[in-house]
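> predicted model and sequence below, questions to follow.
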Amino acid sequence: MDYLCRTKVTKMIYTLVISLIIIACAILLLGIRVFFVKGGKFPNLHIDGNKALRKKGIHCAKSQDLAARKAGRNV
């Protein structure tokens, strides 16, 4: 019985270590630009960060709602 318990614990620890390694690799790969480029930061994926959409006058719903409320229109 003791052998079976140790085997299960060993398998659990092995699975936990493998999971942590996979998660660490994913974080490292997602943050290559942040970690290894001087002054690096994550790219701005917000709609207002896109120059082409700004030129077309397209903004996110949150920004448009705020602008409409400031203008006094009921939305």
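That came in fine, so what should we check first?

> H46 contacts H59, doesn't it?
No. Taking C-beta atoms under 8 Å as the definition, H46 is not a contact partner of H59, at 9.9 Å. The C-beta positions use only the backbone N, C-alpha and C, and glycine is treated the same way.

> pull the number of nearby residues for L66.
The number of residues packed around L66, counting by other C-beta atoms under 10 Å, is 13.

> hmm, back to that, out of H46 and H59, which sits in the busier spot?
Neighbour comparison, H46 and H59: the larger count goes to H59, with 16 against 11 (by other C-beta under 10 Å).

> for that one, what are its contacts?
Contact analysis of H59 by C-beta atoms under 8 Å, 6 or more residues apart in numbering lists 47-48, 53, 67.

> helix or strand: which one has it?
Secondary structure from DSSP states H and E places H59 outside every helix and strand.

> shift numbering so it begins at 37
Will do, 37 is the new start, and the previous item becomes H95.

> could you check how far it is from L89?
H95 sits 8 Å away from L89 when distances are taken as C-beta to C-beta, to the nearest Å.

> what sits in contact with each of the two?
When contacts are counted by C-beta under 8 Å, 6+ apart, H95 and L89 are jointly contacted by I83.

> re the thing from before, of the contacts of H95, which pair is most distant in space?
Across the contacts of H95, no pair lies farther apart than L89 and A103, at 15.4 Å, counting by C-beta to C-beta.

> neighbours of the residue nearest to C96 when sequence neighbours are not counted, how many?
Leaving aside its chain neighbours, C96 sits nearest to I83 (4.3 Å; criterion: C-beta to C-beta, 6 or more residues apart in numbering). By other C-beta under 10 Å, 14 other residues sit near I83.
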